[in-house]
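1. return atomic coordinates for the entry below.
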Amino acid sequence: MNLQHTCMQTHRVGIMHSKWLGTQFKKKVESNPKIKVKELVAKAHKKWNLTVTKAMAAKTKQEALSQIQGAFREQYKRINDYCHELLRTNPGSTVILKVIRSPDFAQERQNAELMNYCVFQRMYVCFEACKKGFQHCRRFIGLDGCFLKAPQGGQLLTAVGRDPNDQIFPLAYAVVEAETKDSWV
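-> Next up is the predicted model:
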């Protein structure tokens, strides 16, 4: 019997694939989409004591980004339903949704799947309660915008007033592609 081992210990698992790893690292990639591949390799080694190659970690990151963006796409498909629900539950409110046709419509031969395919551009929302509440506010409107930290980007524009207690009173908001004169209008 030979009690001295000359073989190296390996930490590779054959059934480990990028789809499973993508699911495991989805939250990490979602919180930091620019995470480095080296960090994913180190995280896998620390968490599961596995050796993940840089190529596998790159595929994992891409898989996680695909899962995240797929979830966003599914939510953007429902944006029209969201607007109708806002109008149904808040009568008298103003909701304006603007979409643009897909660039694929410019082609002469159109794909049958793309017949009703539109891309979200911007959305404006002003609730009826905010309209009525502004009647009791000071005649002051503040405008501001901030960047949205999502893969799709965009900006959130808001209009606020000051109520009699010197508190901020929301009037309306809009989600737009960029802060321009056209989007403010």
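2. list the contacts of the residue sitting nearest the centre point of the chain.
-> Centroid-nearest residue in the chain: Ala150, 3.9 Å away (criterion: Cα atoms, centre = their mean). Contacts for Ala150 (Cβ atoms under 8 Å, 6 or more residues apart in numbering) come out as Phe72. The way it works is simple: take the backbone N, C-alpha and C, and place the C-beta from them, glycine included.
3. what about it, which helix or strand?
-> Taking DSSP states H and E as the definition, Ala150 sits outside all helices and strands.
4. pLDDT value on it, please?
-> We note a pLDDT of 73 for Ala150 in this prediction.
5. distance of it from Pro170?
-> 21 Å (Cβ to Cβ, to the nearest Å).
6. with Phe134 instead?
-> Look at Phe134 and Pro170: by Cβ to Cβ, they are 10 Å apart.
7. more crowded one of these two?
-> More crowded of Phe134 and Pro170, by other Cβ atoms under 10 Å: Phe134, with 20 against 15.
8. that one against Phe169, yeah?
-> Yes. Contact criterion Cβ atoms under 8 Å: Phe134 and Phe169 qualify, at 7.0 Å.
9. list the residues that contact both of these two?
-> Here Phe134 and Phe169 have Gly161 as joint contacts, going by Cβ under 8 Å, 6+ apart.
10. for the helix ranked longest in the chain, the averaged confidence score.
-> For the chain, the helix with the greatest residue count under DSSP state H is helix 54-77. For helix 54-77, mean pLDDT is 82.
11. which helices and strands does that helix pack with?
-> helix 18-24, helix 26-31, helix 37-48 (3 or more Cβ pairs under 8 Å, 6 or more residues apart in numbering; DSSP states H and E).
12. which positions in whichever helix or strand comes after it come out as buried?
-> Using DSSP H and E, the helix or strand that follows helix 54-77 in sequence is helix 79-89. Applying a neighbour-count criterion of 16 or more other Cβ atoms under 10 Å, one finds 83, 86 buried in helix 79-89.
13. what strands flank the following helix or strand past helix 79-89, and is each parallel or antiparallel?
-> Following helix 79-89 in sequence order, the next helix or strand is strand 94-101 (DSSP H and E). Applying DSSP bridges to the sheet, strand 94-101 is found paired with strand 118-126 (antiparallel).
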